[in-house]
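# Requesting a structural model of the entry that follows:
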Amino acid sequence: MFKFLKNLFSFKCPRCHEGNLFVNKWYNFPNGNKMVEKCNVCGQRTEIEPGFFQGTGYVSYGLTVGFSLITFAIWVFVTGYTLQNKEIFWWLPINIFFLIILQPWIMRLSRVIWLTAFFHSDDEFFEKK
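Below you'll find the predicted structure:
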């Protein structure tokens, strides 16, 4: 499980786990999510068909909802939130701020998760090496 998460968060090819998926290692605004056409190591194409990455919107939505639920649970635990208090009005802008800051990273992670759902490790590839 640790190896799987390491491969997801390193933004490497889901097939060989060695080639970079994105042109730039760090996010920059003009070309932040520009992906390579195929993996430099195993040759796996990153886009099967036009519009392949439209499904990443669902993954990104799930990640942002999960992040919001986790931060809300932490907020409730730390502040002792009750329905009579108005601490929700402090949590909401802080959560929105972090979601805006993390959005480029979430978009990249959702693309890697989407690719991993369709492409898996190819054991034959590693045996040929």
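
# The spatially most central residue of the chain is in what secondary structure piece?
What sits nearest the mean C-alpha location of the chain, by CA atoms, centre = their mean, is Leu109, with 1.4 Å. According to DSSP states H and E, Leu109 maps onto helix 88-118.

# just Trp26 next, same as before
Counting by DSSP H and E, Trp26 is part of no helix or strand.

# neighbours of it, just the number please.
If you count neighbours by other CB atoms under 10 Å, Trp26 ends up with 7. Backbone N, C-alpha and C define where each C-beta goes, glycine included.

# ok so, going back, give me the helices and strands touching the helix holding Leu109, please.
helix 2-9, helix 56-79 (3 or more CB pairs under 8 Å, 6 or more residues apart in numbering; DSSP states H and E).

# and the angle for that helix with helix 2-9?
Following axes from the mean of the first three to the mean of the last three CA atoms, to 10 degrees, one obtains 100 degrees for the angle between helix 88-118 and helix 2-9.

# From the chain's centroid, how far away is helix 88-118?
With CA atoms, centre = their mean, to the nearest Å as the basis, helix 88-118 stands 8 Å off its chain's centre.

# in that helix, what's buried?
By neighbour count with 16 or more other CB atoms under 10 Å, helix 88-118 contains the buried residues 91, 95, 106-116.

# before we move on, what about stretch 39-48?
By neighbour count with 16+ other CB under 10 Å, stretch 39-48 contains the buried residues 39, 41-42, 44, 46.

# Among those residues, which pair sits farthest apart?
Val41 and Thr46 (12.6 Å; CB to CB).

# follow-up on the earlier one: name the nearest of the buried residues of stretch 39-48 relative to Phe22.
Thr46 (9.4 Å).

# got the contact list for the residue nearest to Arg45 when sequence neighbours are not counted?
Counting by CB to CB, 6 or more residues apart in numbering, Lys38 is the residue found nearest to Arg45 once chain neighbours are left out, at 4.9 Å. Contacts of Lys38 were listed using CB atoms under 8 Å, 6 or more residues apart in numbering, and they are 44-46.
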